[in-house]
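Participant: I would like to see how this sequence folds:
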Amino acid sequence: MRTNTAINGGATMRSAALASSSGLGLLLACLAAAPAHAQDVEASVASAAGVGQPADAQSVQAQEAEQVVGDDIIVTGSRIARGGFTAPTPTTVVGAQDLERATVTNPADLLNRLPAFRASTKPSVTTVSQTVGANYLDLRGLGVTRTLTLVNGQRYAPSSITGQVDLNLIPTIMVERIDVVTGGASAAYGSDAVAGVVNLIYKRDVKGLQGVVSAGESAYGDNKELNVGLLWGTRFADDRGSFMIGGQYVDNDGGKPLGSRDWGRLDWNIIPNPAATAANGLPTRLLASGVRNSNQAFGGLIRAPAALAGTQFLEGGVPAPFVFGSVVGPTFMVGGSGMNTQRLVLLQVPIERYALTARSTFDIGSDTKIAAEYSFGHSTLTSVSGQAQDNALIIQRDNAFLPASTRAAMVAANANTITVGRRSLDLFPDNSLSGAPISGETTLHRGLVSIEGRLGGSWKYDAYYQHGESRNVQRIGLRIRDNWSRAIDAVVNPANGQIVCRATLSADAAVRNAAAGCVPFNIFGPYSRSLAAADYVSDNGVNTLKYKQDAAAFTVQGEPFSIWGGPVSVAFGAEYRRESAQSTVDAISLVKGYDLLNFQPISGVSTVKEVFVETIAPIASDTSWAKSLEFNGAVRYTDYSLSGGVTSWKAGLTYVPFEGVRFRATRSRDIRAPNLNELFSPLQGTLQTVLDPATNQSVPTQINTGGNATLKPEFADTLTLGVVISPTFLPGFQLSVDYFDIHIKGAITTLAPADIIGRCVGGATDLCSRVIRDSTGRLVSIDQLFENLNGLRNRGVDFELAYRRPLSQISTSLPGTLGLRAIGTYTAEASQDDGLVKIDLAGDTGGRRPGGFPRWSGTGILSYDSNRLSVSAEARFVSSGKLDALGTPQNININRVASRTYVNLSASYKIIESDGKGRSLELFGSVNNLFNVDPPVAVSPNAFPTNAILFDTIGQTFTAGLRFKL
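Facilitator: Reported below is the predicted structural model:
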């Protein structure tokens, strides 16, 4: 990994590494930090509740951030290829050797270790959506839709309706380097580059066969992964043509359930405090361990009438007392005989994927080259989702499955019905499942043709056309609402003594006809039902999405004239994109026949037309006051078919007063238009547990998410200011500090369900129409729509430091090179402002809102390299923070998340060095999370006990393999 800061001469780019003066201290602190453990806060919980306490060698090497086209250099931060230019926008570069050193099978897994990224969408962050198992990039934690991912500087076909590029579908072995532009780049590259651009550059001029085979596994016997990558290339037609083809196969069996980890069995959650009142000042919420459900059991729990309440049903339908713990509320309690279903959540989704890319180029003469490329990717996954839960099933006294002792108790209590709470693991005809089965399948096809050449003099052109199609099929097991209500109402048929559904005996012919085929379902005891009953009450919701993108671009660049500092470079061109999405769903979803998550069809088309111009003007060169001073400016006009025209721009300066010091500054206006999902997705619901501030109770609530056709493009004003120091008296040392300020206006986002209901209760009446309650006032659902909020703001400072020292400079007898690199980010502000309330999430690492924004985060690398041996140690640090940015002593007892440091080791040894024919053989291995550090307690809104975006949930992991070239 590295950062470009300068180009020296006409064809080489100077290395640049970014870090603060505290970079070395950060690294040493990371390496010295000891593993931390979950907080022991039972006493605090008890006190707050008012009850008694319960019994690299090359990794840091500066590598050129350049893409060669003839003798020119293309810097991702700009579309202009020109020697002697350094982009004013900070650009970090990750090389192929960095990917190899990290032993990752997906570039995103390495990028997500850098403090500028958030791993908000990856296989270990599971959700019930079309992003399950995908690996998208998220710069600054601003969301994957604000990071533009390119391949070879060109748009790449998306694999989802959100328009994102899934790195699972790109062969890692093809990647030569990755340029990361951490600043607005919409004027140069178009919509979506609000947080920045990630540009994957493929290898060129490959000759012969090279490959990698590796296998990995965690210390817990899960997350087993097999990786095979092959790349072959050749030249033909007297070296005028080239061809290469590369592919990758990865099979990861996923993580075990949360309950397989010690920290996962502590059952942390945030629960309402039943002892809190306005008068006693106790906190309204409690962070506590040992949390169970007080209103449900796997086999059913009687909640009413009072005479029978507290009876649960064990295997075989056997009635037994339900032991209530302490701090008992209507939904949760601490301790007792209840269950915590989070233990069943998989720590990583199992996924199998393969990808292939073939590329050929040909020099047709007259300084003109043509190229063609085809890419194919496929991924499949299987997993389980949450279980259906019922708080108030009404069961009649004549239910045929009711245990005799329970019926007798009902008679004694003069009760005709009982109210039962049940968490149903047994809805599906597969007793091995611990929840609803999920499967997903994504297939991508992409074709590209391009041409580049010279027009005479300094002028040249390039153009490309791309067509991509993806198909995403998602299946999830769901409960059929009407079938369920009929099946659990089982009675004895007086005509023959058989157990049947009551509806089949109805005097109403329409009711009987609707109940045809009904199979009675025994709710008393887990898995007491028949497989036929499970098959009757459940089915697979199926959503099949087809997404197409056509993209074309034409660029001309040259040097029309010169000014004081040298020739002025200009690039101008036009781009066009058309994107369409269309989905089909299963018949039951179409009529909204499931309890939850009824997929609905979507159809939408958008087109984008753009023109742009960019210039670089050398204002001064080799003067008494400046070694160089350059201006970089760009303007782009974009016409969206659905939301009209907008203009983006940027203006930047780079100033080198003398050798070894470079100042850079950029101001830009960046844009992002709503994608098809944000515009057209219909309302569909998932179940979440939401704290209702009107009652101070946590309630299972349907969250309905959907699009908004009235959305407008969002605008971002971005400022970056930085300095790069490369002192001539200390060769190999580089230091960079960059301030960033991204202010998004009219940001397209959604309010969190907790924020919607909290503000409604607090007086924001315009939001109350989205909060649905039943006739008793119980919370039923919340509509969570996309909207243009007033603003998001992300401010902070990036630091990077790098130093390399050949040991021969110390003693001629010492081989190899030592390297040090440290990268850090300080977040000063991460605010959300909807015009009513401004929330600053800086320092929030608890996951109560997506991602988390630690005040300090950093990655440090120490490395040693010789001809055959390479060894490196990497430390990743996340500072302590708040569990909830809005937390106060009045609303939560503990509002702190502990810091974490993760240490990774890797080594490689070349058994066969390059033998003059390009052949080599190398063994490698790595250990991630060397000290097996548990994640801190950072409970998410869905009661997962930690923030899986920031912290490692898998634990110590080992990888070994070999690389070869033939």
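Participant: From Ala943, how far out is the nearest residue to Pro945 once chain neighbours are set aside?
Facilitator: Excluding its sequence neighbours, the residue lying closest to Pro945 (Cβ to Cβ, 6 or more residues apart in numbering) is Trp268, at 4.2 Å. Bear in mind the C-beta positions are built from the backbone N, C-alpha and C, glycine included. As judged by Cβ to Cβ, to the nearest Å, Trp268 and Ala943 stand 8 Å apart.
Participant: Find the residues that touch each one of these two.
Facilitator: The contact sets of Trp268 and Ala943 overlap at Val291 (Cβ atoms under 8 Å, 6 or more residues apart in numbering).
Participant: And those two? Which one has more around it.
Facilitator: Counted by other Cβ atoms under 10 Å, Trp268 and Ala943 do not tie: Trp268 has more neighbours, with 24 against 20.
Participant: need the contact list for that one.
Facilitator: So Trp268 contacts Ala38, Leu287, Ala288, Ser289, Val291, Val937, Val939, Pro945 (Cβ under 8 Å, 6+ apart).
Participant: run the last query once more with 6 Å
Facilitator: If you count contacts by Cβ atoms under 6 Å, 6 or more residues apart in numbering, Trp268 has them with Ser289, Val937, Val939, Pro945.
Participant: Likewise for Pro520?
Facilitator: Shown in contact with Pro520 (Cβ under 6 Å, 6+ apart): Ala487, Ala490, Ile499, Cys501.
Participant: Return the set of residues that bridge with the second one.
Facilitator: According to DSSP bridges, Cys501 are recorded as the beta-bridge partners of Ala490.
Participant: Walk me through the domains of the protein.
Facilitator: 2-258+350-383+440-476+543-674+711-750+786-905+920-965, 259-334+384-432+477-534 (automatic domain parsing).
Participant: could you dump those to a markdown table with mean pLDDT and distance to Gln702?
Facilitator: Listed next are these as a markdown table, based on pLDDT from 0 to 100; distance: least, Cβ to Cβ, whole Å:
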| stretch | mean pLDDT | distance to Gln702 |
| --- | --- | --- |
| domain 2-258+350-383+440-476+543-674+711-750+786-905+920-965 | 86 | 6 |
| domain 259-334+384-432+477-534 | 95 | 12 |
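Participant: related to what we said a few turns ago, which of the contacts of Pro520 tops the neighbour count?
Facilitator: Result: Cys501 is most packed of the contacts of Pro520 (other Cβ under 10 Å), 27 neighbours.
Participant: residues in contact with that residue?
Facilitator: Arg486, Ala515, Cys518, Pro520.
Participant: hmm, try it at 8 Å
Facilitator: Counting by Cβ under 8 Å, 6+ apart, Cys501 touches Arg486, Ala487, Asp489, Ala490, Val491, Ala515, Cys518, Val519, Pro520.
Participant: measure the residue nearest to the last one when sequence neighbours are not counted to Asp363 for me?
Facilitator: Take Pro520 and drop its neighbours on the chain: the residue closest to it by Cβ to Cβ, 6+ apart is Ala490, 3.6 Å away. Counting by Cβ to Cβ, the gap between Ala490 and Asp363 amounts to 77 Å.
Participant: Also Arg235?
Facilitator: For Arg235 relative to Asp363 (Cβ to Cβ), the value is 11 Å.
Participant: residues bridging contact with these two, i.e. touching both?
Facilitator: Residues touching both Arg235 and Asp363 by Cβ under 8 Å, 6+ apart: Gly241.
Participant: CA atoms only for stretch 649-659 - export them in CSV, please.
Facilitator: Taking Å, rounded to 0.1, in the frame of the first residue of the first chain, the C-alpha atoms of stretch 649-659 are listed here in CSV:
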residue,chain,number,x,y,z
TRP,A,649,-16.6,21.1,-10.4
LYS,A,650,-13.2,21.1,-8.7
ALA,A,651,-10.3,23.4,-8.3
GLY,A,652,-7.0,22.4,-6.8
LEU,A,653,-3.4,23.6,-6.3
THR,A,654,-0.1,21.8,-5.6
TYR,A,655,2.8,23.9,-4.4
VAL,A,656,6.4,22.8,-3.9
PRO,A,657,8.4,25.7,-2.4
PHE,A,658,11.5,23.5,-2.3
GLU,A,659,12.5,19.9,-2.7
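Participant: For that stretch, give me every contacting residue.
Facilitator: With contact meaning Cβ under 8 Å, 6+ apart, stretch 649-659 is reached by 6, 86-89, 184-188, 625-636, 662-669, 728.
Participant: how does it look with 6 Å?
Facilitator: If you take Cβ under 6 Å, 6+ apart as the criterion, stretch 649-659 is touched by 86, 88, 187, 627-635, 662-669, 728.
Participant: returning to that earlier point: of the contacts of Trp268, which belong to strands?
Facilitator: Taking DSSP state E, every one of those sits outside strands.
Participant: and which of those residues is nearest Asn788?
Facilitator: Nearest to Asn788 out of the contacts of Trp268 is Val939 (Cβ to Cβ; 30.4 Å).
Participant: The closest one: what's it in contact with?
Facilitator: Trp268, Asn269, Ile270, Pro945 are the contacts of Val939 under Cβ under 6 Å, 6+ apart.
Participant: how does it look with 7 Å?
Facilitator: Contacts for Val939 (Cβ atoms under 7 Å, 6 or more residues apart in numbering) come out as Trp268, Asn269, Ile270, Leu287, Gly846, Pro945.
Participant: and what of Leu836?
Facilitator: Contacts for Leu836 (Cβ under 7 Å, 6+ apart) come out as Arg759, Ala764.
Participant: how close does it sit to Gly762?
Facilitator: Where Gly762 is concerned, Leu836 sits at a distance of 9 Å (Cβ to Cβ).
Participant: likewise Arg261?
Facilitator: As for Arg261, its distance to Gly762 is 38 Å (criterion: Cβ to Cβ).
Participant: Which of the two has more residues huddled nearby?
Facilitator: Shown here are Arg261 and Gly762; by other Cβ under 10 Å, Arg261 has more neighbours (21 against 13).
Participant: For Thr946, see how far away that one is.
Facilitator: Look at Arg261 and Thr946: by Cβ to Cβ, they are 10 Å apart.
Participant: can you check Ile476 too?
Facilitator: Ile476 sits 25 Å away from Thr946, going by Cβ to Cβ.
Participant: Show me what the helix or strand hosting Leu226 is packed against.
Facilitator: Using DSSP states H and E, Leu226 sits in strand 225-236. When contacts are defined as 3 or more Cβ pairs under 7 Å, 6 or more residues apart in numbering; DSSP states H and E, strand 225-236 packs onto strand 208-218, strand 241-252.
Participant: List just the nearest of the contacts of Trp268 to Ser781.
Facilitator: For the contacts of Trp268, the nearest to Ser781 is Val939 (22.9 Å; Cβ to Cβ).
Participant: How many residues are close by the closest residue to the closest one other than its chain neighbours?
Facilitator: Closest residue to Val939 apart from its sequence neighbours, by Cβ to Cβ, 6+ apart: Ile270 at 5.1 Å. Counted with other Cβ under 10 Å, the neighbours of Ile270 add up to 25.
Participant: Can you give me the distance of Ile270 to Trp484?
Facilitator: Distance from Ile270 to Trp484, by Cβ to Cβ: 30 Å.
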